[in-house]
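# would you be able to build a 3D model of this:
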Amino acid sequence: MTNREQLIQELEQAPDDLVQVMLDFLHRVKATRQTHPLAKFSGILSNSEAAELQHTIKADCRQL
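Numbers count the residues shown, from 1 in each chain. Predicted coordinates for the structure are as follows:
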């Protein structure tokens, strides 16, 4: 099951007030992503590149 399918399934079972909260949140995130100065960098790394970068940061940047 994809994340989208799982989300839809969860939303179908959620009470209306929670669905409204999630919809409001989605709208805020979409608006922020369009106007945020770093939004143009969103999604430029593959999952493996992001994992490698996280590993490098943890290994090399936390040393005193």
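# what about the closest residue to S42 other than its chain neighbours, how many residues nearby?
The shortest distance from S42 to any non-neighbouring residue, by Cβ to Cβ, 6 or more residues apart in numbering, is to R33 (6.5 Å). Using the backbone N, CA and C atoms, a C-beta is placed for each residue, glycine as well. For R33, the neighbour count with other Cβ atoms under 10 Å is 12.
# tell me the centre residue of this structure?
The chain has V29 as the residue nearest its centroid, 9.1 Å off, counting by Cα atoms, centre = their mean.
# ok so, going back, quick check: the residue nearest to S42 touching K40?
No: using Cβ atoms under 8 Å, R33 is not in contact with K40; the gap is 10.0 Å.
# tell me the helix or strand right after the lowest-mean-pLDDT helix or strand in the chain.
Lowest on mean pLDDT, DSSP states H and E among the helices and strands of the chain sits helix 16-35, with a mean of 88. On the C-terminal side of helix 16-35, the nearest following helix or strand under DSSP states H and E is helix 47-60.
# buried stuff in that next one?
Buried residues in helix 47-60, counting neighbours by 16 or more other Cβ atoms under 10 Å, are absent.
# mean confidence for it?
Helix 47-60 carries an average pLDDT of 90.
# list of residues touching that helix?
L45 (Cβ atoms under 8 Å, 6 or more residues apart in numbering).
# just the CA atoms of that helix, as PDB, please.
C-alpha atoms of helix 47-60 as PDB (Å, rounded to 0.1, in the frame of the first residue of the first chain):
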ATOM      1  CA  ASN A  47      16.700   8.800  -0.800                       C
ATOM      2  CA  SER A  48      20.100   7.300  -0.900                       C
ATOM      3  CA  GLU A  49      21.800  10.600  -1.400                       C
ATOM      4  CA  ALA A  50      19.900  12.100   1.600                       C
ATOM      5  CA  ALA A  51      20.800   9.000   3.700                       C
ATOM      6  CA  GLU A  52      24.400   9.400   2.800                       C
ATOM      7  CA  LEU A  53      24.400  13.100   3.700                       C
ATOM      8  CA  GLN A  54      22.700  12.500   7.000                       C
ATOM      9  CA  HIS A  55      25.300   9.800   7.800                       C
ATOM     10  CA  THR A  56      28.100  12.100   6.900                       C
ATOM     11  CA  ILE A  57      26.700  14.900   9.100                       C
ATOM     12  CA  LYS A  58      26.200  12.600  12.000                       C
ATOM     13  CA  ALA A  59      29.700  11.200  11.700                       C
ATOM     14  CA  ASP A  60      31.700  14.300  10.900                       C
END
